[in-house]
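> Quick check, what structure comes out for this input:
(2 chains)
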Number of protein chains: 2
Amino acid sequence: MSDSTSTLNIRWAATLIQSLANCGVEHAVLSPGSRCTPLTLACDAYLQTHIIVDERAAAFYALGLAKATEKPIVLVCTSGTAAANWCPAVVEASYGRAPLLLLTADRPPELQGIGANQTIDQVKLFGSFVRAYHGLPPATETILATLPTLAARSVEQSLWPLPGPVHINVPFREPLHPAVSELDLPKLRLEHKQSDALHTSAHPILHPDTILLNKILNSIQGKSGLIVCGALPYQFELAAAISKLAIALNCPILADPLSNLRCGKHPLDNILCHYDAWITPQILESLKPHWLLRFGTVPVSKRLQQSLVAVQPPVQIIVNADGIWPDPDHSATMMVRADLKIFCEQLTAHLGANLFKGAQCTAYKLEQIAITAFKDQPISLEWAILQQLLQRLPDRSALLIGNSMPIRDLDSCMMKSSKPLRIHANRGASGIDGLVSTLAGLAAGNCRVRTAHHSNSRICTAHHKEGAQCAPYVVGVIGDLALFHDLNGLYTLQGLNVILIVINNGGGGIFRYLSQTQLPNFERNWLTPTNLNIQQAAALFNLNYQTATCPQTFITALDIALNNSGTQLIEIIVDANLSVAQHKNYWHTVAELAAR
Amino acid sequence: MSDSTSTLNIRWAATLIQSLANCGVEHAVLSPGSRCTPLTLACDAYLQTHIIVDERAAAFYALGLAKATEKPIVLVCTSGTAAANWCPAVVEASYGRAPLLLLTADRPPELQGIGANQTIDQVKLFGSFVRAYHGLPPATETILATLPTLAARSVEQSLWPLPGPVHINVPFREPLHPAVSELDLPKLRLEHKQSDALHTSAHPILHPDTILLNKILNSIQGKSGLIVCGALPYQFELAAAISKLAIALNCPILADPLSNLRCGKHPLDNILCHYDAWITPQILESLKPHWLLRFGTVPVSKRLQQSLVAVQPPVQIIVNADGIWPDPDHSATMMVRADLKIFCEQLTAHLGANLFKGAQCTAYKLEQIAITAFKDQPISLEWAILQQLLQRLPDRSALLIGNSMPIRDLDSCMMKSSKPLRIHANRGASGIDGLVSTLAGLAAGNCRVRTAHHSNSRICTAHHKEGAQCAPYVVGVIGDLALFHDLNGLYTLQGLNVILIVINNGGGGIFRYLSQTQLPNFERNWLTPTNLNIQQAAALFNLNYQTATCPQTFITALDIALNNSGTQLIEIIVDANLSVAQHKNYWHTVAELAAR
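Below you'll find the predicted structure:
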């Protein structure tokens, strides 16, 4: 007995979505549309769904959910330009290694290329930015039974070996869905639960071999060196393994704020946070590093990168498990593919007695100079509020730090601390787009949901990885241009409990540090202040709003925000020129003290 | 003597941009960024520039400019996700046949794929949505002299044979630009003006041959038939040629609102506008059409399309010059590639005395019934305000009509008139995205610029095609979800003189007419009302705001808007259920009268 088109469509969608759920998928982010109706119905039946009207915002929201839950997030939209609005977030997810399952509804093949309404070429729409593309045929009984495998394969491709987006294009013929009287999703659910096996894929652990470890030890043991860490997963065991290796090797760790090494319960002794202030080619040269171990992505600090390029330690080893090649200087001498934690633990275990004795006391001394300089002079408002924020946030809070200036400000002023905080950023492509929506997704993924508006479930489904818990607070720090770029994201924040701190420095503040500042029409063409009234923007979306113009008013505002529910927007009004002068003055002071 | 990298970068960009200017390009839309600095400098020197922070809005703004000026518009952005934000507008421009020149700044090849900041794979970023992709190498003296040809070729590819976007990826090495003291753009301008020949490409006129015309005449002359017109260019001569052919053939023209046939100084005798209300398979069958001539894209009316599919006249000829295949029903019996105006004129000239005598008097009678029914009962607020708007707009005003409900409402209620009005829409992919920004670009392209904010020139540069003039008014009519989707676009409207009419029917009103209205969670998953406070949104961007809840208050608001400068937002608050009932009642009345 063959089903009608409408019944087949819904069975097709239900099988696909329930199979994804069987593989561990929990959340779907949907934008409204007609063609995607079978997918919408199925997602609503089997997953926790979130409705976001603007597809660009929806995709960044899904990115935030993926970051929070470390599981693949389903995205659903209708045919046409809807999916094209996902592009920015798909690019970010691709380079930022976030698992997304991109389900685009489509018209069937017979309506392609002949002027049918809302029909575009969705085949391989996301080009090289997806790990896999699966073009489904319109719903058919013949291969319905293969959908669970496709789902399992898609989930794996989104997670392994390199997490990222996977695109499944799903054409539907009309009529799209059965009449409501014939729509029995619970029944479908039951049938499929019985018939489908749970698909799990088991991924190998990449063990370094002993010959390799000995070879590395021979080239680094007893010699002066540095560990440099970019963005790394938020895992206590990993942080501990790296820290212990550094202690055993008697070397400093230059730890990017996204390394998740600057704060936590792991040993912090060898962690250096302020190298961006003190490092120069001359100083690095004086440290005579013989070797470099690089973990994670490329750090934010441009001064660190430039110093490393200038000095070029003879042994430069990158350890990375997922096949990326984070070496923009073209200076790596060895690329080691291994699980980072195991690599560090085994290298530590293999270390002999021949330890480097000199230690990098110069580096620690310089670090101390940089820390002291913070206390000896007025620091910028941005740095002051970031320091206050880090001090006041409770354990395990999640912080999303914006691109352009905020991440650089955090890099400059974030001290090490035994308080675990999880720092997130969109550093895959480092755009200023989509940050408000990413923050919203991060909050939803941490169960900071107030109303049923964005989610059909208010209960924390313990969807975090084993041992992890929801963050008690989710906070974002972004610039005014990033806020403007994702203004629609504020709408999504309405139904959540989030603190959004907007540093208003009147446009693209980073350009004040770049050579463009001297060019004709600098303000019009590069700085581009929007003069957006942020208080009115907050009011438009019913968000609580406070303003701060000094550390004291910020502390007051933050305390109020921490003690209230609903989304709290705090605007920090910065005197951009003063701030540039203070930063330059700080760097000058550190340089002077370092030269003594 | 070889230049330094910085000087070479600026010469490279200046040569490219000035060459584009030599080929007739006048406008560039720029978003701020560092990597694109040489392009920004060059555009500011040689073109009229517009600065838009949000790249998604910038690309739709460029689309509007292209629609207004019918010339290729340069878009410039920096590397990373910036260009990915262009995707929705690029897709629309591709299917909507708008010429865009997409200039993406990029990092050089040695920084690709190795974790360099803000570096993504921009090669063929826009996939099948561009007419051509040109991947430039980093600036080099060797082939600098070939850039004028590349520019000329790109301009041609954006215009002929099928207008659309062309992508030029432009990598730059650091340092990106010379010191301001060495930056002599006027000098560069002079040098290049002297050395570069003006490039023009001459495009053929597609003449139909006599044998073909006779063959067509043999199959249609003396027999009952219909001309069906979708979107067509806004050209008086074309409208006149089609109208005269219809008169000669003694057949009605079913004219879509985007055909630009419903109003103008051409003969209007045979134009039918209200077929969406009266056409059914039965009625079409009773007209016994032997042949169909289809011009332009596929019309908006779904009832027309469904009736044509059901009836299938034996001769169905599509005449189209640019190689698209607008036949979603798979029913064309002949695809004629010819210039439409010439085809109509020559077919008219070849017509013998054997004319169809019966005429389609039934069709004209039904049309009159539909017109009478408008007067006999209360029509919906949307239809009433659209009719008032069309009556009150001065000659040659430009109207951008939104997707989803507004275009269908216009289709239903737009009467024919001898007043020339130019109707625009984004019907390439029919998205609800980017409409506010498209409107802004349309206004800028019609010189409705108030301040220097968005444009470095306030003077109308007579950039319209010969004989065309700037529209005295630029008006947009969109729904509340479209407004929400492109909220950032309101920022751009600040510096312009535009009237934006927002029909607020509380979400995706079109779904109230579709089967989804019966589904569980209809409001949450399909209707998705945002409850955006549109008055506050207008205030956020300093726009004049009025509201209307009936035709009378609308007339007052419109008169105020027409007599004031600055952007005027008029919110129409619609009782969506009443409106659906009124529309259904109208269709029912027409059907009853038609059946008598």
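> I'd say A:Ala231 and A:Gly296 touch.
Yes. The pair A:Ala231 and A:Gly296 qualifies as a contact (Cβ atoms under 8 Å) at a distance of 5.1 Å. For the C-beta atoms, the positions are set from N, CA and C on the backbone; glycine is no exception.
> Mutual contacts of these two, please.
Shared contacts of A:Ala231 and A:Gly296, defined by Cβ atoms under 8 Å, 6 or more residues apart in numbering or on different chains, are found at A:256, A:258-259.
> For the nearest residue to A:Gly489 once chain neighbours are set aside, the count of nearby residues, please.
Leaving aside its sequence neighbours, A:Gly489 sits nearest to A:Val436 (Cβ to Cβ, 6 or more residues apart in numbering or on different chains; 2.8 Å). Other residues within reach of A:Val436, judged by other Cβ atoms under 10 Å in any protein chain shown, total 30.
> And A:Val436, how close does it get to B:Pro529?
Per Cβ to Cβ, to the nearest Å, A:Val436 is found 21 Å from B:Pro529.
> who touches A:Gln516 in this structure?
Going by Cβ under 8 Å, 6+ apart, the list of residues near A:Gln516 reads A:522, A:526, B:34, B:37, B:177.
> mind checking how far the last one is from chain A?
Which is B:His177. Here the criterion is Cβ to the nearest Cβ, to the nearest Å. By it, B:His177 lies 7 Å from chain A.
> Give me the phi and psi angles of that residue.
phi -150, psi 160 (degrees, to the nearest 10).
> I'd assumed B:Leu39 was in contact with it.
No. Checked against Cβ under 8 Å, the pair B:His177 and B:Leu39 is beyond contact range at 10.4 Å.
> Same drill for these two, tell me which one is more crowded.
Neighbour totals were compared for B:His177 and B:Leu39, and B:Leu39 leads with 30 against 24 (other Cβ under 10 Å).
> got the phi/psi numbers for that one?
Here is the backbone geometry of B:Leu39 (degrees, to the nearest 10): phi -70, psi -40.
> Equivalent analysis for the one 5 residues further on, please.
The phi and psi torsions at B:Asp44 (degrees, to the nearest 10) take the values phi -60, psi -30.
> Enumerate the positions of the strand or helix carrying A:Arg153 that are buried.
Assessed by DSSP states H and E, A:Arg153 sits inside helix A:147-159. Within helix A:147-159, the residues scored as buried using 16 or more other Cβ atoms under 10 Å in any protein chain shown are A:147-148, A:150-159.
> quick one: which two of these are the most distant?
For the buried residues of helix A:147-159, the maximum inter-member distance is 18.7 Å, found between A:Leu147 and A:Leu159 (Cβ to Cβ).
> rewinding a little: helices or strands next to the helix holding A:Arg153 in the packing?
Helices and strands touching helix A:147-159, by 3 or more Cβ pairs under 8 Å, 6 or more residues apart in numbering or on different chains; DSSP states H and E, are helix A:5-22, strand A:100-106, strand A:132-135, strand A:165-171.
> wait, what's in contact with A:Ser229?
Actually, residue A:229 is Cys. It isn't Ser. Contacts for A:Cys229 (Cβ under 8 Å, 6+ apart) come out as A:242, A:253-256, A:259, A:261, A:294-296, A:299.
> Just the ones in strands from the residues you listed, please.
Of the contacts of A:Cys229, the ones assigned to strands by DSSP state E are A:253-255, A:294-295.
> secondary structure class for A:Val76?
Of the three states, A:Val76 takes strand under DSSP: H, G, I helix; E, B strand; the rest coil.
> picking that back up, which among the shared contacts of A:Ala231 and A:Gly296 are in contact with chain B?
Here nothing survives when the shared contacts of A:Ala231 and A:Gly296 are matched to chain B using Cβ under 8 Å from any Cβ of the partner chain.
> Let me know how buried whatever residue of the stretch 401-550 of chain A ends up closest to chain B is, in neighbour terms.
The stretch 401-550 of chain A approaches chain B most closely through A:Gly431 (3.6 Å), counting by Cβ to the nearest Cβ. Per other Cβ under 10 Å, the neighbour tally for A:Gly431 reads 28.
> and stretch A:336-351, which residues are buried?
Buried residues in stretch A:336-351, counting neighbours by 16+ other Cβ under 10 Å, are found at A:336, A:338-348, A:351.
> on that earlier part again, pull out the buried members of the shared contacts of A:Ala231 and A:Gly296.
A:256, A:258-259.
> wait, what's in contact with the residue nearest to A:Thr549 when sequence neighbours are not counted?
Distances taken as Cβ to Cβ, 6+ apart put A:Ile573 closest to A:Thr549, at 5.0 Å, once the chain neighbours are dropped. Residues in contact with A:Ile573 (Cβ under 8 Å, 6+ apart) are A:504, A:547-549.
> Just name the closest of these to A:Asp395, please.
Looking at those and their distance to A:Asp395, the nearest is A:Ala548, at 24.0 Å (Cβ to Cβ).
> A:His134 and A:Val166 touch, don't they?
Yes. If you go by Cβ under 8 Å, A:His134 and A:Val166 touch, sitting 7.4 Å apart.
> more neighbours, those two?
Neighbours were counted for A:His134 and for A:Val166 using other Cβ under 10 Å; A:Val166 has more, 24 against 17.
> Next one: that one relative to chain B, how far apart?
17 Å.
> Now do the contacts for that residue.
Counted by Cβ under 8 Å, 6+ apart, A:Val166 has contacts A:72, A:99-102, A:130-134, A:154, A:157-158.
> Quick check: the residue lying closest to A:Ser4 once chain neighbours are set aside vs A:Leu41, distance?
Spatially, and ignoring its direct neighbours in sequence, A:Ser4 is nearest to A:Pro178 (7.4 Å; Cβ to Cβ, 6+ apart). Going from A:Pro178 to A:Leu41 by Cβ to Cβ gives 10 Å.
> Pick out whichever of the two has more residues nearby.
A:Leu41 (26 against 21).
> The more buried one reaches B:Gln518, doesn't it?
No. If you go by Cβ under 8 Å, A:Leu41 and B:Gln518 don't touch, sitting 11.9 Å apart.
> coming back round to it: would you put the C-alpha positions of the helix or strand in which the residue nearest to A:Gly489 is found in CSV?
Per DSSP H and E: A:Val436 is located in helix A:435-445. Taking C-alpha atoms only, helix A:435-445 is exported to CSV below (Å, rounded to 0.1, in the frame of the first residue of the first chain):
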residue,chain,number,x,y,z
LEU,A,435,27.3,37.9,18.2
VAL,A,436,24.0,38.8,19.9
SER,A,437,22.3,35.8,18.4
THR,A,438,25.2,33.5,19.3
LEU,A,439,24.9,34.8,22.9
ALA,A,440,21.2,34.0,22.8
GLY,A,441,21.9,30.4,21.7
LEU,A,442,24.6,30.1,24.3
ALA,A,443,22.1,31.1,27.0
ALA,A,444,19.4,28.7,25.7
GLY,A,445,22.0,25.9,25.6
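> anything in the next helix or strand after that helix near chain B?
Using DSSP H and E, the helix or strand that follows helix A:435-445 in sequence is strand A:474-479. No. Using Cβ under 8 Å from any Cβ, we find that strand A:474-479 stays clear of chain B, coming within 11.7 Å at best.
> No further questions, thank you.
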